[in-house]
Structure formats: structure tokens, C-alpha cells
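Chemist: Fold the following.
(2 chains)
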Amino acid sequence: MGEFRMPSLGADMDAGTVVEWLVHPGDPVHRGDIVAVVSTDKADIEVEVFETGVVGEILVPAGETVAVGTPLATITDGGAPSPPPVPVTAPPATSPATPEPATPEPATPEPAPATEALPAARGATLSPVLRRLATHLGVDLATVTGTGTAGAVTRADIEAAAAGPAPAAPRAAAPTSDRTEAMRQALAALMARSKREIPHYYLATDIDFSRARDWLAATNAAQPVTERILPVALLVKAVALAAREHPELNGTWVDGVYVPASAANVGVAISLRGGGLIAPALLDVDAKPIARVAAELGDLVNRTRNGRLRASEMSGATITVTSLGDRGVDRVFGVIYPPQVAIVGFGRIAERAWAKDGMVGAHPVVTMSLSGDHRVSDGHRGGRFLARVDRLLQTPDEL
Amino acid sequence: MSADVRNAVLAVLARIAPEADLDALPDDVDVREELDIDSIDFLSFMVGIYEALGVDVPEADYPQCVTIAGCVAYLAPRI
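Modeler: Numbering: from 1, shown residues only, chains lettered A, B, ... in the order given. Presented below is the predicted three-dimensional model:
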């Protein structure tokens, strides 16, 4: 028998809230199945189980916030009856301001099992999972009366609103800034730690993007819209290949020891609509063909912005890429995400005067930067890394 | 026809920028700038157009589809 525990979904995460269970006691599960949705300061994350078996007991109900490492459920081998529940030894990481009151009786009878509600500590903040459900069912959240803890809107509330007439008493608009504020604070803490602990050095180089642009134009002209490749996919792939060849830039620094990574899992800094920033990982980029990298990158960005990230994507990055070119930025010098040791920045791809073979012409040019950790690498190696990315982008058909 | 195309375009945009007040969006402004749509979102927009209306907009024609009015003018004759 095993235990499914609250995962660590990033260096800055101490606790998480179980938003929703996607399995029930008795359900068979396989390694990699998504079994729960966990809410952190940054996002709601779909969490995978890491063993195969049968769900035994749910130890932490939806709505409860617990520390990283706390057992959330037991996983049995399926042959024996479910064991008695294991007491949860870790205390709740955050406590409601007041003891949790009994859920008030709703005005109309509802099905017995209570469904998820965010804890009182979060007030009436609504998770992306529930917002998606409301959108899917065509429910105007402003008209839904919350019956969960501290008036939180539950799945049952939304489903009831979809099934029948809108409740007579509209609730106040849910505060939407809570998560943005929490995310800002978490990011501030992480970036402050980075600047405090990591001796950054910064390099930049301009890269002629002519060949890559021409290759993309020719390739995409022959592809349906669903399979087109964006420039950022080429950039991410080139960074991954170069990172694999420069192990001192691709890995993690933990407890004073640097551990180079065996794969290039590229964190992609993604801005969220409404504010905030998340950098989930695109896994094993160096080993995947460019078409797959492009497809997975689009999927990752869309899922990030729709609150459907997976746990394995939240903690596996070995180097990060940030691109602000779409926003018209010429160059960006990033702050390293601990425990990583490098972040690569790309500005916009713009026509600039470029001298080549004694001639000056207008070429698409992108400025690439590297912020490196001087504890692990230095400017010389960083410069070689930048030059390698440049060379890779001159042969885009080989990416 | 144009009204149907316009509604379909707005429905796709609403999925990409669910927080946006599309009723207040002028037809002649660049949606990328106005709705903070980056290149990945814009590709999703084009994919959504393809799925909704069956028109596969070539990359070279993307600039014609950066406004609501431009989209409608481009798409309507192709449906």
C-alpha cells in the first residue's frame, strides 16, 4: 500500500489546497493518471499519481489546505479491503480565521455529498476549475449563491444554477484579485531569493533570424493551421539542444550542491490573462522533433491560461526561456528561477540593419540574452552557449 | 452572412480572452493589442476560426485578420 501525498509544485510552495478529487475510493488508478486538482498560490494544478493500484481512503477532503508531503489518500494493491484511515499527522498549513462552521442548510435540498469549496481563508475566491465549469454550463457566476464554507461557491451550486432558475438572491461579485495578489507575493519571494542568493551574470547577442524565418515560412505554407510552427518553438528547441551540451547551465542548485540534469526540461515563462506569471516545464524538449515541441508548447500555454497545469510540469524545469517579443520588447534579462541556474531571454524578431559579406541589408534579428549563475558557470561558457544557439538557428531544418 | 461570421469570430475570441468585454471592442482595432493576444493566442484564434468556419487562413494572410472587420471581410467570401 502506498500514500499519495501533497506534492511540491515549485521551490516556493509550502502548502496546497485540495480543490477537487477526480477519483473515489475503490477506483483503479495507473501511474500518471490525474487524480486530483490542487490549488497553490499560483494556479490550480492537475496532480498525477505515481503508482498503480486502487484508491483506498481519501484522507484530505476537498477544500482543505495541508502542508507539502501530507498524505492525501492511500493507494492499495487492489487485492485487500481498504485499510483504516491513516491519521493526518501534518497540521493544516493555513487555518481559517475562525473555526469552520457547519455548512448551513441550503434553501433547497441538495444531494448529500458535499462538493469542493475553497477554504474560508481564501474567502469566496473561485478556482479556475469551477470558473471553467460555469463557463461550460453557461452559468453567470454573479447570480450564484455560494453554499460552501464562508459562502464559497461549490460545484453543486454551479450545477444547480445551470439546472434551474437563477437563485433569488444574487451574491456579491467574487473577489478575483486574491489569487493574483497571492501569486505576486509568491513570485516576489522567489525572485527576491534569487537575487539574494544567486550571483547573476548577464550576456546578450544578436542573432540573424533570416534562415529560420524563411524555413518557417516555407514549412508553414505547406501545413494546415493546426500544425504550424511559431518562431518561439524554434527558439525553445535550440535552447534545449544547446543546454544539453552545456550541463553547467542545465540543472538545479539544491542545498549548496549543483546537480546537472540529464534532460532539457525547458521552463516557459507564461503571462496569465488578468496578471501573474507561471513558468511550467516543457519536458524532454531536446529529444522531441520540432513539430511536437511546437504542438506541446501551444498546448502548455493554453492549459496554463485555463488553469489546467499538471504537477509534473510545475517542478521539472532545468532551464527557463522567457520571450517578450510579442510585447515589442527588444531584449529581456531574466531573473533566474531557483533552483535553476540559468534563464534565457528573447526579444522581438525585428528587421534591423545587418552587415554580412561586406553588405548591409535588412535582416530579421532577435536579441538573445543569458542570465547565468556564477556559482556554476561563467561568462566564457555562457558565451559559448549563446554562440551554439545561434549556430543551431542557422540550420533550422536540423532542429 | 457577415453577421454570422462576425458572431463566430467573436465566439472564438471569447474563448481566448474570456475576461474581455467584446461588446465594447471596436471592429477596426488590432485585437492583438486590444486584447493582449500574443502569437500563441493568435495561432489559437486562427485554429478556432478554422474549426468554426472551415477556413484555413494562410500565414501570409494573418495581417488581414487582426481586426474584427478585417476578419469578416476576409472570411465571408471564403465560406
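
Chemist: Going by C-alpha atoms from here, please, whenever you check contacts or count neighbours.
Modeler: Will do.

Chemist: residue ranges of the helices in chain A, please?
Modeler: Using DSSP state H, the helices of chain A run over A:128-137, A:155-163, A:177-197, A:210-221, A:231-245, A:290-305, A:311-314, A:379-393.

Chemist: Which positions in the third one come out as buried?
Modeler: Spelled out, that is helix A:177-197. Buried residues in helix A:177-197, counted by 16 or more other C-alpha atoms under 10 Å in any protein chain shown: A:178-180, A:182-184, A:186-187, A:190-191, A:194.

Chemist: sorry, back to before: reformat the helices of chain A into CSV and put distance to residue B:34 and mean pLDDT next to each item.
Modeler: Putting the helices of chain A into CSV (distance: least, C-alpha to C-alpha, whole Å; pLDDT from 0 to 100) gives the following:
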stretch, distance to residue B:34, mean pLDDT
helix A:128-137, 22, 62
helix A:155-163, 31, 66
helix A:177-197, 21, 86
helix A:210-221, 26, 96
helix A:231-245, 22, 97
helix A:290-305, 18, 94
helix A:311-314, 30, 84
helix A:379-393, 32, 98
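
Chemist: Dump those into a markdown table; add distance to chain B as well.
Modeler: Formatted as a markdown table, the helices of chain A follow (distance: least, C-alpha to the nearest C-alpha, whole Å):
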| stretch | distance to chain B |
| --- | --- |
| helix A:128-137 | 9 |
| helix A:155-163 | 18 |
| helix A:177-197 | 13 |
| helix A:210-221 | 7 |
| helix A:231-245 | 9 |
| helix A:290-305 | 6 |
| helix A:311-314 | 19 |
| helix A:379-393 | 19 |
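
Chemist: got the ones you listed as TSV, with distance to residue A:363 columns?
Modeler: Shown next, in TSV, are these (distance: least, C-alpha to C-alpha, whole Å):
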stretch	distance to residue A:363
helix A:128-137	42
helix A:155-163	54
helix A:177-197	35
helix A:210-221	6
helix A:231-245	15
helix A:290-305	23
helix A:311-314	36
helix A:379-393	14
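
Chemist: dump the residue contacts of the residue nearest the centre of chain A.
Modeler: In chain A, the residue lying closest to the centroid (C-alpha atoms, centre = their mean) is residue A:280, at 3.7 Å. Applying C-alpha atoms under 8 Å, 6 or more residues apart in numbering or on different chains to residue A:280 gives the contacts A:267-270, A:300, A:304, A:309, A:313-317.

Chemist: which stretches of chain A aren't confidently modelled?
Modeler: Within chain A, the ranges that satisfy pLDDT under 70 run A:79-143, A:145-177.

Chemist: how about the residues of it near chain B?
Modeler: A:217, A:220-221, A:224-226, A:230, A:273-274, A:298, A:301-302, A:326-327 (C-alpha under 8 Å from any C-alpha of the partner chain).

Chemist: among those residues, which two are most distant?
Modeler: A:221 and A:274 (33.7 Å; C-alpha to C-alpha).

Chemist: any idea how far the residue lying farthest from the centre of chain A lies from residue A:222?
Modeler: No residue in chain A sits farther from the centre than residue A:358, which is 46.2 Å out by C-alpha atoms, centre = their mean. In this structure, residue A:358 and residue A:222 are 34 Å apart, going by C-alpha to C-alpha, to the nearest Å.

Chemist: Also residue B:3?
Modeler: Applying C-alpha to C-alpha to residue B:3 and residue A:222 gives a distance of 31 Å.

Chemist: And for residue A:381?
Modeler: Residue A:381 sits 38 Å away from residue A:222, going by C-alpha to C-alpha.

Chemist: Looking at those two, which one has more neighbours?
Modeler: residue A:381 (14 against 11; other C-alpha atoms under 10 Å in any protein chain shown).

Chemist: Show the contacting residues for the more buried one.
Modeler: When contacts are counted by C-alpha under 8 Å, 6+ apart, residue A:381 touches residue A:246.

Chemist: Residue A:58 reaches residue A:74, doesn't it?
Modeler: Yes. At 6.8 Å, residue A:58 counts as touching residue A:74 under the criterion of C-alpha atoms under 8 Å.

Chemist: Which one of those two is surrounded by more residues?
Modeler: A side-by-side neighbour count of residue A:58 and residue A:74, using other C-alpha under 10 Å, places residue A:74 first with 23 against 19.

Chemist: for the more buried one, what are its contacts?
Modeler: Counting by C-alpha under 8 Å, 6+ apart, residue A:74 touches A:1-4, A:55-59.

Chemist: Whichever of these end up buried, select them in ChimeraX.
Modeler: Those of the contacts of residue A:74 that count as buried under 16+ other C-alpha under 10 Å are selected in ChimeraX with:
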select /A:2,3,4,55,56,57,58,59
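
Chemist: quick one: pLDDT of the most centrally placed residue in chain B?
Modeler: For chain B, the residue sitting closest to the mean C-alpha position, by C-alpha atoms, centre = their mean, is residue B:9 at 4.7 Å. At residue B:9, the pLDDT value in this model is 95.

Chemist: where's it relative to chain A, distance?
Modeler: 16 Å (C-alpha to the nearest C-alpha, to the nearest Å).

Chemist: surely that residue meets residue B:49?
Modeler: Yes. Using C-alpha under 8 Å, residue B:9 makes contact with residue B:49 at a distance of 6.7 Å.

Chemist: For the spatially closest residue to residue A:303 that is not a sequence neighbour, grab the count of nearby residues.
Modeler: Leaving out its chain neighbours, the residue that sits closest to residue A:303 by C-alpha to C-alpha, 6 or more residues apart in numbering or on different chains is residue A:309, at 5.9 Å. As a burial measure, residue A:309 scores 23 neighbours (other C-alpha under 10 Å).

Chemist: ok now do the nearest residue to residue A:351 once chain neighbours are set aside, which residues does it touch?
Modeler: Closest residue to residue A:351 apart from its sequence neighbours, by C-alpha to C-alpha, 6+ apart: residue A:364 at 4.3 Å. Taking C-alpha under 8 Å, 6+ apart, we find residue A:364 in contact with A:208-210, A:213, A:349-352.

Chemist: and those as CSV, adding neighbour count?
Modeler: Converted to CSV, these look like this (neighbours: other C-alpha atoms under 10 Å in any protein chain shown):
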residue, neighbour count
A:208, 23
A:209, 22
A:210, 18
A:213, 20
A:349, 22
A:350, 17
A:351, 15
A:352, 14
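
Chemist: Quick check: the farthest pair among the residues you listed?
Modeler: Maximum distance among the contacts of residue A:364 (C-alpha to C-alpha): 14.0 Å, for A:213 and A:352.

Chemist: What angle do helix A:290-305 and the helix or strand that contains residue B:13 make with each other?
Modeler: Assigned by DSSP states H and E, residue B:13 falls within helix B:2-16. Inter-element angle recorded for helix B:2-16 and helix A:290-305: 80 degrees (by axes from the mean of the first three to the mean of the last three C-alpha atoms, to 10 degrees).

Chemist: and whichever helix or strand comes after helix B:2-16, anywhere near chain A?
Modeler: Next helix or strand after helix B:2-16 toward the C-terminus (DSSP H and E): helix B:31-34. No. Using C-alpha under 8 Å from any C-alpha, helix B:31-34 stays clear of chain A, with a minimum separation of 8.8 Å.

Chemist: now stretch B:71-79
Modeler: No. Stretch B:71-79 lies out of reach of chain A by C-alpha under 8 Å from any C-alpha, never closer than 14.8 Å.

Chemist: ok, residue A:212 to residue A:398 distance?
Modeler: Applying C-alpha to C-alpha to residue A:212 and residue A:398 gives a distance of 11 Å.
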